[in-house]
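Trainee: need a 3D model of the following:
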Amino acid sequence: MNIQEAFNSAAGDYDNLRRILIPCFDDFYKTAVEIIPGDWTAPLKVLDLGAGTGLYSGMVQSVFPMQSSPY
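Mentor: Predicted coordinates for the structure are as follows:
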């Protein structure tokens, strides 16, 4: 099994397990999105460093308009 296969096999349960193990999980991420400064009606540029499953990036994307990437 390579690194990508190991990550993919664990990723499916990882976010759900964190919700169980961290009591304030939903409040934490909700607050982390709410405190992003700026104009919430304008597209936002975000750099996701790939340090997880992308859960937070998905939450940010769900509240900000999509912007096409130059890449």
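
Trainee: element containing residue 10, please.
Mentor: According to DSSP states H and E, residue 10 maps onto helix 3-21.

Trainee: name the next helix or strand downstream of that helix, please.
Mentor: helix 25-34.

Trainee: what packs against that next one?
Mentor: When contacts are defined as 3 or more C-beta pairs under 8 Å, 6 or more residues apart in numbering; DSSP states H and E, helix 25-34 sits against helix 3-21, helix 55-63. Every C-beta, even on glycine, is put in place using the N, C-alpha and C of the backbone.

Trainee: what about the shortest one, average pLDDT?
Mentor: Read that as helix 55-63. Helix 55-63 shows a mean pLDDT of 85.

Trainee: export it as CSV, just CAs?
Mentor: The C-alpha coordinates for helix 55-63 follow below in CSV (Å, rounded to 0.1, in the frame of the first residue of the first chain):
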residue,chain,number,x,y,z
LEU,A,55,-12.9,19.7,5.2
TYR,A,56,-12.2,23.3,6.2
SER,A,57,-11.6,24.3,2.5
GLY,A,58,-14.9,22.8,1.6
MET,A,59,-16.7,24.8,4.3
VAL,A,60,-15.0,28.0,3.1
GLN,A,61,-16.0,27.2,-0.5
SER,A,62,-19.6,26.6,0.5
VAL,A,63,-20.0,30.2,1.8
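
Trainee: ok, back up a step: and the helices and strands packed on helix 25-34 as TSV, adding mean neighbour count and distance to residue 47?
Mentor: Converted to TSV, the helices and strands packed on helix 25-34 look like this (neighbours: other C-beta atoms under 10 Å; distance: least, C-beta to C-beta, whole Å):
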stretch	mean neighbour count	distance to residue 47
helix 3-21	10	20
helix 55-63	13	9
